[in-house]
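**Q** model the structure of this input:
(one chain, ligands or ions: 1)
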Amino acid sequence: MISIEGVGKTFGRFTALEDITFEIADGRICGLVGYNGAGKTTLLKMIAGIYRPESGRITIDGIPVYENEGIKRRLFMAQDDPFFLPQGSLRSMALFFSGFYPNWSQKTFKDLVDFFELDPDARISGFSKGMQRQAALILAFATMPKYLLMDESFDGLDLSKRNQLKSIMFEYMKKHGTNIVISSHNLRELEGLCDFIAIIRDKRLSFAETVDEMRKRRTKYRIAFPRNDGAERLEAIAARNITRDGDGFIFTWDGGEGELRKMLESSSPLWIASEPMTLEEIFLDEMEDKEYDIATFF
Ligand SMILES: Nc1ncnc2c1ncn2[C@@H]1O[C@H](COP(=O)(O)OP(=O)(O)OP(=O)(O)O)[C@@H](O)[C@H]1O
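**A** Next comes the predicted model:
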């Protein structure tokens, strides 16, 4: 279990994160989501024990990470900007990592090198960006981590490799009960992969909950009214993101359909239909973006 309690981080006078608290149970694939600069990498680096939190504490299985070498050998952070030895090949990196990570699996290393069809003796710096990403992921999984932290790991991979990576993550998690945390700004990528989502916004945790809980709390509805005052009626019940859809409206609402029908009884809606929200819709719903008149920029 990863436990983050009241954690904050500053860089000089700049506050990157404030008072972040949540827990990630073992066997979960957690999506860490936020806009550019939200603090995802900073939080992952604190979980990995690379940065020391300035306030609060992060423990893994009850043990503070930053000070604990033993835990660091059981976790791996696949960084957005992966580390390779200068002139290093996959084989030399394997030798290097196998000395540090006690669970290193030469079999997994070999199987993944074959799977991704990379030359283990070629210089990694000569690989394309996507191939370097694959090389980093091969090394990450071959360390057989109990905790795997992945920073934007889908970036630079083509569609087929992204799907293969998802299958590898599932299989690895299923077999080893690993706790995987993956940061991303692409919610579509995380749909169907993560069962737990933490969203960071304005340096703070917006929420952290299971995807099932998230979906239960918010629903997207379609509705049509017999009169023209539909928008006002929806605003009156605190519906959000109200948009016109043909003769009706689409909106989100934090409640069940039964309750909604009751609240709108006096408006005699022609019909109401509900549908689950995608992760991307939930994220946008949560973020409530500032509105700019882009046309005035030019
Ligand atoms: N080493 C550092 N020194 C100074 N400021 C930093 C450092 N690392 C991160 N920051 C700042 O902290 C904030 C959070 O950065 P971070 O890289 O964690 O965001 P992120 O959510 O991973 O962004 P992105 O999605 O763009 O990768 C940013 O404003 C960034 O400029």
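
**Q** give me the phi and psi angles of residue 73.
**A** Reported as degrees, to the nearest 10, the phi and psi values for residue 73 are phi -80, psi -10.

**Q** neighbours of it, just the number please.
**A** Residues within reach of residue 73, counting by other CB atoms under 10 Å, total 16. For glycine as for every other residue, the C-beta is placed from the backbone atoms N, C-alpha and C.

**Q** can you check residue 123 too?
**A** Using other CB under 10 Å, the number of residues around residue 123 comes to 14.

**Q** residue 21 too?
**A** 13.

**Q** next, give phi and psi for it.
**A** For residue 21, the backbone dihedrals are phi -140, psi 120 (criterion: degrees, to the nearest 10).

**Q** from residue 159, how far out is it?
**A** Computed as CB to CB, to the nearest Å, the residue 21 to residue 159 distance reads 36 Å.

**Q** also residue 238?
**A** The span separating residue 238 from residue 159 equals 40 Å under the rule CB to CB.

**Q** and these two? which has more neighbours close in?
**A** Between residue 238 and residue 159, counting by other CB under 10 Å, residue 238 is the more crowded of the two (10 against 7).

**Q** helix/strand/coil for the more buried one?
**A** Under the three-state scheme (DSSP: H, G, I helix; E, B strand; the rest coil), the conformation of residue 238 reads as coil.

**Q** hey, what's the nearest residue to residue 38 once chain neighbours are set aside bridged with?
**A** Taking CB to CB, 6 or more residues apart in numbering as the measure, residue 38 lies nearest to residue 200, with 4.5 Å between them; neighbours along the chain are not counted. Beta-bridge partners for residue 200, by DSSP bridges, are residue 205.

**Q** the one residue in the stretch 51-200 of the chain that gets nearest to the ligand: neighbour count?
**A** Proximity of the stretch 51-200 of the chain to the ligand (CB to the nearest ligand atom) peaks at residue 185, 5.5 Å away. Neighbourhood size, residue 185 [other CB under 10 Å]: 15.

**Q** go on, residue 102?
**A** Using other CB under 10 Å, the number of residues around residue 102 comes to 11.

**Q** shouldn't residue 150 be within a strand?
**A** Yes. Inclusion of residue 150 in a strand is indicated when three-state DSSP is applied.

**Q** for it, which non-adjacent residue is spatially closest?
**A** Nearest-residue entry for residue 150: residue 182, 4.2 Å, with adjacent residues in sequence omitted and distances by CB to CB, 6+ apart.

**Q** swap in residue 281?
**A** With CB to CB, 6+ apart as the measure, residue 220 is the residue that lies nearest to residue 281, at 6.5 Å, once sequence neighbours are left out.
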